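Undergrad: need a 3D model of the following:
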Amino acid sequence: MVRVFTLDPDEAVYIGDHPGARFSIGYCGIRENDGDAWVGWYAYGRWHTLPARLDLRNHSPTGFAWGYGGSGPAQLALAILCHATRNPEIALELYQPFKWAIVARLHRRRWHLSQLFVHKWIRRHFEASGQLCQLRGNGRIEVV
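TA: This next block holds a predicted model:
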């Protein structure tokens with residue numbers, strides 16, 4: 001079964017204290033006053049550290065960044081797409097466009113992205129190039 005998504009740009013960034021109350025699965029980044037940053041993913045109220053996926057590309061061994069285009073944002077884009085798609089090949093194909101379209105525009109102090117928003121962005125990207133993608137029951141996205 002193929003799920004059809006529409007993209008609402010206003011859904012891209014949600015700033016608030018309790019993202020889990022708004023989205024059941026998503027990603028969050030927080031930059032403290034001293035410059036330290038934390039990025040994680042949440043599912044139904046439980047928080048987890050987002051793996052950097054340096055095994056696929058090592059853009060930024062010192063950590064994630066966002067709000068501009070660079071190596072830290074590239075690593076973050078790759079990590080989010082790997083987690084959201086459960087498909088490293090698609091993540092490697094899309095992380096640079098995702099970096100420029102989404103990660104480079106995230107608020108520098110605090111941001112939240114729903115997994116649904118990430119899936120919608122992926123769908124739109126493939127449809128723009130005349131391809132279709134399918135979201136499998138296990139959450140893995142594949143090009144069909």
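Undergrad: what residue lies at the spatial centre of this protein?
TA: For the chain, residue 80 is the residue whose C-alpha lies nearest the centre (CA atoms, centre = their mean; 3.5 Å).
Undergrad: is that one in a helix, a strand, or coil?
TA: helix (DSSP: H, G, I helix; E, B strand; the rest coil).
Undergrad: the nearest residue in space to it that is not next to it in sequence: what secondary structure?
TA: Residue nearest to residue 80 in three dimensions, not counting chain neighbours: residue 27, with 5.5 Å by CB to CB, 6 or more residues apart in numbering. Heads up, the C-betas are built off the backbone N, CA and C, glycines and all. On the three-state scheme (three-state DSSP), residue 27 is labelled strand.
Undergrad: picking that back up, wait, the residue nearest to the centre of the chain sits on residue 26?
TA: No: counting by CB atoms under 8 Å, no contact exists between residue 80 and residue 26, whose distance comes to 9.8 Å.
Undergrad: which residues do those two both contact?
TA: Taking CB atoms under 8 Å, 6 or more residues apart in numbering as the contact criterion, the common neighbours of residue 80 and residue 26 are residue 113.
Undergrad: residue 141: neighbour count?
TA: Counted with other CB atoms under 10 Å, the burial measure for residue 141 works out to 21 neighbours.
Undergrad: beta partners for it?
TA: In this structure, residue 141 bridges to residue 135 when assessed by DSSP bridges.
Undergrad: got a list of what it touches?
TA: If you count contacts by CB under 8 Å, 6+ apart, then residue 141 has 84, 85, 86, 87, 90, 119, 122, 133, 134, 135 around it.
Undergrad: farthest pair in those residues?
TA: Farthest-apart pair in the contacts of residue 141 is 84 and 134; separation 14.3 Å (CB to CB).
Undergrad: who's more crowded, the two?
TA: residue 84 (26 against 14).
Undergrad: that one belongs to a strand?
TA: No: checked against three-state DSSP, residue 84 lies outside a strand; its state is helix.
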